[in-house]
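> what's the 3D shape of this:
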Amino acid sequence: MKTVLVLAALIGLVAAGYPLFNNNVKTKTLDPNLVNIQKKVLLLLENWKQVDPDDEYYKIGKEYNIEANIEFYTNREVVTEFLSLYKTGFTAKNQIFSIYYENQALEVRALYRLFYYAKDFETFYKTAAFARVWLNEGQFIYAFYIAVIHRADTRGIVLPAPYEIWPEYFVNSDVLAKINRIQMQKGLILPETAQYYGVLAKDNAYYFYANYSGPWTYENNENLLSYFIEDVAWNSYYYYFHSKLQFWEKGENAIGPFKERRGEIYYFIYQQILARYYLERLSNGLGEIPRFNWNDRLQAGYYPLLTTHQIPFAQRNGDYYLANDDNIEDIQFVDSYEKTFLQFLQKGQFKAYKQEVDLYNSKSVNFVGNYWQANVDLYEKVPQRNYLRSYEDAARRILGAAPRNSYENLNVPTALDFYQTSLRDPAFYQLYAKILDFINQYKEYLEPYTQDVLHFVGVKINDVKVDKLVTYFEYFDWNATNAVYLSEQQLDTGSPSYIVRQPRLNNQPFTVTIDIKSDVESEAVIKIFIGPKYDGNGYPIDLENNWVNLVEIDWFTHKLTSGQNKIERKSENFFWFKEDSVSVSKIYELLNNGQVPRYMIEKFLLLPRRLLLPRGTEGGVPFQFFVFVYPYQAPYKEWEPMKEFVVDNKPFGYPFDRPVTESYYFTQPNMYFKDVYIYQEGEEYPYYTSYWSQNQVPKH
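Numbers count the residues shown, from 1 in each chain. Below is the predicted model of the structure:
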């Protein structure tokens, strides 16, 4: 204890010198009926890897009998299905869980539906308590997290950020080792050596400086992007997308009538992910996203410094031969799947799964997106099938490069096995670039937008001004306490908090000023995109090849008046972004006043605002903004379930949801290209030096 106190006295001031959790939080008053529900949900998520016999949920879950309470579920068939699997034997506790492991996926889907069809919250809570006590921890937390998002009686409930639920998937194993060592030693660390290992102690909390991976993890200079592809919010964004629209659930259950745009959403999300990643590549001089062939070698080696409590993640050597003996069956499947799509595309009509789809129709993007995701809606007219026999599943298995075995629950995990870690692997971006190449081949058959369609009669953008664009790094803290197992005493009285402190990309707020002359009074939509000015070789990119690289960063409506209109749009209000999530401790603090963080309810699916811009350089990186104004048309009433994300009835990404065949169509008065530069300012964290030296406590 004396050692800990001395350490706190020596370096406590250093800890105080950095920003902690985001405390400037926009809040929303929670419905009084939801306050108790919110507390119960948070308590079920605390220390979810272990059970506490003294806790309320344990006493309820240990005695709860699902079969005896079958009348409390609105769908009796899902209860029967679950019990059939449960009595046969679910995945054991303490086994690694992934939705891409076939038997585990069957079980967890049955568990989720049990949660989803619970008649009321009381039944849902009892069922969750049962699962927390008796079932595999990974399956419980996966099904419970998604069920809270989709159940009507938990709408408005805040869930902790994924990185606070699964810390081991968001931070490298060396940091986890330090966290677990201090937990096992009950906090005893030497003040003389702690700073060299990036450890601080203050106010019953330990802070662990964490850096991003270096060249031994990523080959071909991909490590230059580690601050981005390992960003906890970037990876959480992808997990949220899966949680809202999981491939194995019916679209009508996930997004209601909006299911008719499910495939379109699939395309748009991946297009935006790849375009944003491409911008970051350009900022770091890496150029185009590489392409690969299934029968060739994959150049992107990956040595993840990740580990579960059971086993480290698999490694993939550079120059990895994909068509090895283990992968032959999967290679044949993905190759056949690709060729089948192209054959139907050449004919212009898809005939399978009891469907006939006109592939030269723009509305067929929903089917095409469903085809490549191989989700439930693709097969809704045919008998139930194995949704894991899909292109994505086989492709992830091939690229993950894990050794194969015949035992279901002895899988060696790969980054591509989990939505929380997929975006860390460079192969992910190459895979989905391949998928989008196929979808874009379909789009090439669509009739392009004409000059008349894109024109807004009587409206002209005279000028666009953009403030200086600046990015910088700042330290950010997040709670990784769920990474450790607590002692019985700690479960009763509380434990220290284990906080990971990382430098993260951010940008200075800026304003876009748009001067519009209008001859009409009209409600208009204004969109702002950011895209490349030059390709990876430094050559200007024409719009015919650049339309897939544009990231939509804002989308809002404005009442145009006759004459001059000066519109100032602040980056803090950009539509597609939100504030960073706050810690669980901050959620509890707000909950004491009946409040919760607004952005963690209403826009949890969006990216944090600090990732709005790609990293700049001292001399500035050239990009371009594209501003587009067009007449407003209200969204259809049946799209109400997605009202937070839909403001009109145009396709996502419009007008770049179709190929650009004539670039002069995009030089009309209601459009404006603005050249911009992005600068990097502030302290440069030493990403290119020794990994270990970067974890030292900074001197002040």
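
> now do the phi/psi pair for the nearest residue to residue 284 once chain neighbours are set aside.
Spatial nearest neighbour of residue 284, excluding adjacent residues (C-beta to C-beta, 6 or more residues apart in numbering): residue 224 at 4.3 Å. C-beta: built from backbone N, CA, C; applies to glycine. Backbone torsions of residue 224, given as degrees, to the nearest 10, read phi -60, psi -20.

> ok, residue 224 touching residue 283?
No - using C-beta atoms under 8 Å, residue 224 is not in contact with residue 283, being 9.0 Å away.

> please identify the helix or strand for residue 342.
When secondary structure is defined by DSSP states H and E, residue 342 falls within helix 328-347.

> buried stuff in that helix?
Within helix 328-347, the residues scored as buried using 16 or more other C-beta atoms under 10 Å are 330, 331, 333, 334, 337, 338, 341, 344, 345.

> what is the mean pLDDT for that helix?
When pLDDT is averaged along helix 328-347, the result is 96.

> repeat that for stretch 655-669.
The predicted confidence, averaged over stretch 655-669, sits at 95.

> what about it, distance to the chain center?
For stretch 655-669, the distance between its averaged C-alpha position and the chain's averaged C-alpha position is 30 Å (C-alpha atoms, centre = their mean, to the nearest Å).

> ends of that stretch, how far apart?
Using C-alpha to C-alpha, to the nearest Å, the span of stretch 655-669 from its first residue to its last is 15 Å.

> ok, now stretch 650-659?
With C-alpha to C-alpha as the measure, what separates the two termini of stretch 650-659 is 16 Å.

> what residues does that stretch touch?
261, 264-265, 267-268, 271-272, 362, 365, 440, 443-444, 446, 448-449, 454, 525, 527, 529, 544, 547-548, 550, 552, 628, 630, 633, 666 (C-beta atoms under 8 Å, 6 or more residues apart in numbering).

> buried ones among those?
Listed as buried from the contacts of stretch 650-659 are 261, 264-265, 267-268, 271-272, 362, 365, 443, 446, 449, 454, 525, 527, 529, 547-548, 550, 552, 628, 630, 666; burial here means 16+ other C-beta under 10 Å.

> related to what we said a few turns ago, the next helix or strand after the helix holding residue 342 pairs with which strands, parallel or anti?
Using DSSP H and E, the helix or strand that directly follows helix 328-347 along the chain is strand 349-352. The pairing partners recorded for strand 349-352 under DSSP bridges are strand 355-358 (antiparallel).

> quick one: buried residues of the strand it pairs with?
With burial defined by 16+ other C-beta under 10 Å, the residues of strand 355-358 counted as buried are residue 357.

> and the next helix or strand after it, what's its mean pLDDT?
Secondary structure here is assigned by DSSP H and E; on that basis, the next helix or strand after strand 355-358 toward the C-terminus is helix 365-373. The predicted model assigns helix 365-373 a mean pLDDT of 96.

> for helix 365-373, name the packing helices and strands.
Helices and strands touching helix 365-373, by 3 or more C-beta pairs under 8 Å, 6 or more residues apart in numbering; DSSP states H and E, are helix 262-283, helix 391-400, helix 426-443.

> rerun that using 6 Å as the cut-off
helix 262-283, helix 426-443 (3 or more C-beta pairs under 6 Å, 6 or more residues apart in numbering; DSSP states H and E).

> returning to that earlier point: who touches the helix holding residue 342?
Where contact means C-beta atoms under 6 Å, 6 or more residues apart in numbering, the residues beyond helix 328-347 that reach it are 294, 323, 350, 359, 391, 394, 395, 397, 398, 438, 442.

> run a quick neighbour tally on the fourth one.
The local packing of residue 359 (other C-beta atoms under 10 Å) involves 19 other residues.

> residues contacting it?
For residue 359, the set of contacting residues under the criterion of C-beta under 6 Å, 6+ apart consists of 345, 348, 350.

> ok, now with 7 Å
By C-beta atoms under 7 Å, 6 or more residues apart in numbering, the contact set of residue 359 is 344, 345, 348, 349, 350, 442, 445.
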